[in-house]
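K.L.:
Predicted model follows, preceded by the sequence.
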Amino acid sequence: MKRKMKRVLCVLLSMILIMGLVACSKKGSPANTEVQDQTGSETNEGESLSAYKAGTYKATTKGHNGDLTLEVEFSNDSIVAIKILEHVESAGISDPALERIPEEIVSGQTLNVDTITGATISSKAILAAIEDCVSQAGGNVEALKTKESSQNHSKEETEMTTDVVVIGAGGAGLAAAASAKQHGAEVIVLEKLAMIGGSTGLSGGGISATGTKFQEAEGIEDTKESWMELWKERQATSNPNGKYPDYAAVDKFMDEAVITTEWLVDYVGHEYVSIQGFGLDPVRRLHFAFSDKSTKGGTTLVKSVESFILGKDVKILTETPATELITDNEGNVIGVIAEGKDGKIKINAKKVILAAGGFAKSEELLERFIPAAAGSAELSAAAAGSTGDGILMAEKVGAALYEEPWVIGLGIGSKVAGTGALGMDWTKVYVNEKGERFTSEEIHYAIATNKIMEQEASWLILDSAEINADVVKTLEAAMPTDEVVKAESIKELGEAMGVPVDTFVNTMQTFQEGVETGQDAMGKHKDYLVPVTTSPYYAVKIYPKTMGTFAGVKTDENYSVLREDGTIINNLYAVGENANKVLYNQVYMSGSAVQFAMTSGRLAGEHAAKNLK
């Protein structure tokens, strides 16, 4: 009996010990349904938000210009490092995304980070690749995409004082800052995007000028009179009753352009690698900066000016949009209110220069000012920040707006990705909703934009000839889509397009006759007459493509902003697309937009610095 009792007691003691161990295990075990991540937050999912299989993982995604490859290093409980290995993203434009997104993910231990405005595609590619690596490491992607950053983001108000505030760090703003600093002013530049450059940074960077010392060194004969003659010829193709351009202003601009072109080299330290013509402008007057597959000439240009002004201690505050001009009781501008990354900023200034770009990216302002261009913002090559901020701020303090605003045309565009080469391919055929050709395709790109805007709908026609193999492959990959139709005959193609079939068939027959005789009914040169005879046939919807706007606020010759009554709004200047309508009717002149940005910025910066009180 005693032995039996001893056995029972042993069993009971063993059970008590086991239960105690289980209780301890439940209290401290990581397998509990409520566990903590590295920042102490709990989840009921049965796993840590930050549990990874330690190691380094690699992923490749499609970026803006091609493949982007990166690697992510993990410890057991954190994202240790992110390294971009290979990419072909656009230099300057993608830099903030490539630098900031990995940094914010590592410091915050979260995938809940913002994309970079102006580099959205690059941002999304980086995030997608990092998410892939997190998955490979066994991490919880969805949890990390909603997790708050571990970093503190407290907001506070700041007040600053300077001589000159420049709103916008595109070509005009950077030139204004350089010039103001050159003439003794202290300068702060505000830029609402994460990167500098604006539309200038996205351009080819060519600036037109006549009779420069650089042209002379290469034996190029060019005159202002020649440029002016072309200017008048081009402007005459649009709006016959237009109020602009003011040719006295154009004449002065051409003189000052020579000075600016040489100032950029002699003072700022910029460099031109070639002087070229472009398309239907064969005269070699566009002064180009270095460019390659990943670096646009415009990026090189703005980087030259940025490097110069940073070396002169000019402050550039990115991701800091100006929201309001400060005025005194007499209507004089005395500063700017901006929204910084860490809160509101008030900047007291003696002079303010508006260089915030046009509104080609704002559907709201296109609807208001240029209804004929409504719907074109999506395809615009203008900078993402081109939403008219400077113009609207000036309007609120009484600035007079230029009449007859228009878009800066860049030819035609398609909504099918990968068809950019069609934009200036003069061998193709354009037809409208009536099934008729409405222009020779061999025209200046800005005029092509205007022609497209005159139609209710437009199509580009091509066949399956070997020369079109690449674009046909792209179109096939995009189908089915409302943007492309395909048929085995011209008649069936017209039916698919929804245009008058007989008219369309006749249009294409007439075109084919012109190909055979070398005499095009629309006047296109025989070198660009290519038969459309190989089935299947394709029609692609085309749209006006823009790169900016001719608009802004009225200024005097020093770029001081004017009221409707012609009086000056003291201390306020406007440059670049904030004041460019004076030079144009409705047709852009190659190399003039970047030149005007640089020239107006240079002149306004100098005048502001010399007139500080």
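P.N.:
Cool, got the structure.

K.L.:
could you point out where the chain is predicted with low confidence?
P.N.:
Applying pLDDT under 70 to the chain flags residues 1-50, 149-154.

K.L.:
Helix, strand or coil: sort out the residue nearest the centre of it for me.
P.N.:
In the chain, the residue lying closest to the centroid (Cα atoms, centre = their mean) is Ala383, at 2.9 Å. The assignment at Ala383 comes out as coil when based on DSSP: H, G, I helix; E, B strand; the rest coil.

K.L.:
wait, doesn't it sit right on Ile196?
P.N.:
No: taking contacts as Cβ atoms under 8 Å, Ala383 lies outside contact range of Ile196: 10.2 Å. Just so you know, the C-beta spots here come from the backbone N, C-alpha and C atoms, and that holds for glycine as well.

K.L.:
what do those two both touch?
P.N.:
Overlap of the contact sets of Ala383 and Ile196 (by Cβ atoms under 8 Å, 6 or more residues apart in numbering) consists of Gly170.

K.L.:
Run a quick neighbour tally on Asn239.
P.N.:
Here the number of neighbours of Asn239 (other Cβ atoms under 10 Å) works out to 15.

K.L.:
next one: Ala477
P.N.:
Neighbours around Ala477, by other Cβ under 10 Å: 11.

K.L.:
tell me which residues of the helix or strand where it lies are tucked away?
P.N.:
For Ala477, the enclosing helix or strand under DSSP states H and E is helix 469-478. Residues of helix 469-478 classed as buried by neighbour count (16 or more other Cβ atoms under 10 Å): Val471, Val472, Thr474, Leu475, Ala478.

K.L.:
Mind putting these into a markdown table with distance to His87?
P.N.:
Formatted as a markdown table, the buried residues of helix 469-478 follow (distance: Cβ to Cβ, whole Å):
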| residue | distance to His87 |
| --- | --- |
| Val471 | 25 |
| Val472 | 29 |
| Thr474 | 22 |
| Leu475 | 27 |
| Ala478 | 24 |
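
K.L.:
elements contacting the helix or strand where Val106 lies?
P.N.:
Assessed by DSSP H and E, Val106 sits inside helix 95-108. With contacts defined as 3 or more Cβ pairs under 8 Å, 6 or more residues apart in numbering; DSSP states H and E, helix 95-108 has these neighbours: strand 79-86, helix 120-136.

K.L.:
out of those, deepest packed?
P.N.:
Across these, the average number of neighbours (mean count of other Cβ atoms under 10 Å) peaks for helix 120-136, which reaches a mean of 21.

K.L.:
Give me the buried positions along the next helix-or-strand element following it.
P.N.:
Later in the chain than helix 120-136, the nearest helix or strand by DSSP H and E is helix 141-146. For helix 141-146, the neighbour count (16+ other Cβ under 10 Å) marks Ala143, Leu144 as buried.

K.L.:
elements contacting helix 141-146?
P.N.:
In terms of contacts (3+ Cβ pairs under 8 Å, 6+ apart), helix 141-146 is packed against helix 120-136.

K.L.:
buried sites along the lengthiest strand in the chain?
P.N.:
Counting residues, the longest strand found in the chain (DSSP state E) is strand 343-354. By 16+ other Cβ under 10 Å, the buried positions in strand 343-354 come out as Ile345, Ile347, Ala349, Lys350, Lys351, Val352, Ile353, Leu354.

K.L.:
can you check stretch 248-258 too?
P.N.:
Neighbour-count burial for stretch 248-258, counted by 16+ other Cβ under 10 Å, picks out Val250, Phe253, Met254, Glu256, Ala257, Val258.

K.L.:
swap in stretch 303-321?
P.N.:
303-306, 308-309, 314, 316-321.

K.L.:
next one: stretch 455-470
P.N.:
Across stretch 455-470, burial judged by 16+ other Cβ under 10 Å covers Gln455, Ser458, Trp459, Leu460, Ile461, Leu462, Asp463, Ser464, Asn468.

K.L.:
Kindly report the same for stretch 84-99.
P.N.:
Buried, per 16+ other Cβ under 10 Å, within stretch 84-99: Ile84, His87, Glu89, Ser90, Ala91, Gly92, Ile93, Ser94, Asp95, Pro96, Ala97, Leu98.

K.L.:
give me phi/psi at the third one?
P.N.:
The phi/psi pair for Glu89 (degrees, to the nearest 10) reads phi -70, psi 160.

K.L.:
ditto for Ser203
P.N.:
phi -90, psi 180.

K.L.:
re the thing from before, now for the longest strand of the chain, which elements pack on it?
P.N.:
strand 158-167, helix 171-182, strand 187-190, strand 322-327, strand 333-340, helix 389-396, strand 568-574, helix 592-610.

K.L.:
After that strand, heading C-terminal, what element do we hit next?
P.N.:
For strand 343-354, the following helix or strand on the C-terminal side (DSSP H and E) is helix 363-369.

K.L.:
Redo the buried residues of stretch 84-99 as JSON lines? Include distance to Val416.
P.N.:
Listed next are the buried residues of stretch 84-99 as JSON lines, based on distance: Cβ to Cβ, whole Å:
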{"residue": "Ile84", "distance to Val416": "29"}
{"residue": "His87", "distance to Val416": "24"}
{"residue": "Glu89", "distance to Val416": "22"}
{"residue": "Ser90", "distance to Val416": "21"}
{"residue": "Ala91", "distance to Val416": "26"}
{"residue": "Gly92", "distance to Val416": "27"}
{"residue": "Ile93", "distance to Val416": "22"}
{"residue": "Ser94", "distance to Val416": "23"}
{"residue": "Asp95", "distance to Val416": "29"}
{"residue": "Pro96", "distance to Val416": "29"}
{"residue": "Ala97", "distance to Val416": "25"}
{"residue": "Leu98", "distance to Val416": "28"}
